[in-house]
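Sharing a sequence plus its predicted fold:
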Amino acid sequence: MPRAAALALLLATATACANDVPEADWSRGLLPDHVTTEGGVVQNLWNGAWIAALATGAVVIVLIVWAAIFHRKRKTTKAELPPQVRYNLPIEILYTLIPLVMVSVFFFFTARDSEAITRVVGDAPVKVKVEAFQWSWRFTTTVNGKTLAPVAGMPVSDYHQGPQLVLPVNSKVEFDLSTEDVIHSFWVPAFLFKRDVIPGIREDNPGRKFEITTLNKPDVYAGRCAELCGVDHSRMLFSVKLVPQAEFDQYIATHQAGSAQ
Ligand SMILES: [Cu+2]
């Protein structure tokens, strides 16, 4: 009986925790709907990789079945070895070239897309300084040179209660990640992107920064720490709210640093 109660409790908690898991859809290959243009790049790479892998798998399975059916040992023939084909240069070149071509194609698209989604130009109108700490986040937003009052949070069990980062839709945003304690990882599943936050990395290191361009999908999205960083790691939740530009302008007006908060 206590075991059944524990199981029921576990199920209840598991369901309660699932509220920040974005809906995954088969048509997107089980990824959540993306809210940045960079997320679109990731979604395309993901789809392409699956199509290539499934096509390769289909060819291999057809060849296996074909060989199994058409090259069975025949009862009528004597038990002797079939002709042994060795050192067949054309076939061995083919065995080597086809995998090389496949790996090169995967490599090309992966390198092209990772370069595209990690490129930092530095001209984003909205810049966010993200400071991770055990166990929450502090966001300091600078818009066209004006710095807003920082938003800092505490460990929570529902991302709606965590610190909220407000960003405009259809806008380029630059993130600069830093931490004073241990390694964290900044993850907004709807960005289809995460980046480790590592202590001791100098401010001018480009690895601290990444840029996104938000799509016109106003809503509140869950964010979390994706690197086990201590006892309250699972409660290091936050949210990103995408709002239309007019609403963002109002937000700026009421959250300027120095104004009453
Ligand atoms: Cu963390």
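Everything's here; your move. Numbering: from 1, shown residues only.

Only C-alpha atoms from now on, for both contacts and neighbour counts.
Will do.

so what's Gly145 scoring on pLDDT?
Gly145 carries a pLDDT value of 87.

Is it correct that Arg224 is in contact with Phe191?
No. Using C-alpha atoms under 8 Å as the test, Arg224 is too far from Phe191 to be in contact (11.9 Å).

Who are the contact partners of the residue in the chain that the ion sits nearest to?
Using C-alpha to the ion, the closest approach of the chain to the ion is made by His184 at 4.0 Å. For His184, the contact set (C-alpha atoms under 8 Å, 6 or more residues apart in numbering) comprises 132-133, 196-198, 225-229.

hmm, which of those are the buried ones?
132-133, 196-198, 225-227, 229 (16 or more other C-alpha atoms under 10 Å).

thinking again about what came up before, of the contacts of His184, which are in range of the ion?
Among the contacts of His184, the ones lying near the ion by C-alpha under 5 Å from the ion are 225, 229.

Going by distance to Leu100, which of the contacts of His184 wins?
Distance to Leu100, by C-alpha to C-alpha, is smallest for Asp196 among the contacts of His184, at 31.7 Å.

so what's that closest one bridging to?
Ser185 (DSSP bridges).

Hmm, Ser178 and it touching each other?
No. Asp196 is not in contact with Ser178 according to C-alpha under 8 Å; the separation is 9.3 Å.

In strands, which of the buried ones among the contacts of His184 fall?
Among these, the ones falling in strands (DSSP state E) are 132-133, 196-197, 225.

Among those, which pair sits farthest apart?
Phe133 and Asp196 (12.7 Å).

so where is the stretch 51-200 of the chain shaky, pLDDT-wise?
Applying pLDDT under 70 to the stretch 51-200 of the chain picks out residues 76-79.

So which residues on it come close to the ion?
Counting by C-alpha under 5 Å from the ion, the stretch 51-200 of the chain sits next to the ion at His184.

So which residues of the stretch 51-200 of the chain form strands?
Remark: strands assigned in the stretch 51-200 of the chain by DSSP state E, counting those that start in this stretch are 126-133, 136-143, 146-147, 151-152, 164-168, 172-179, 184-188, 193-197.
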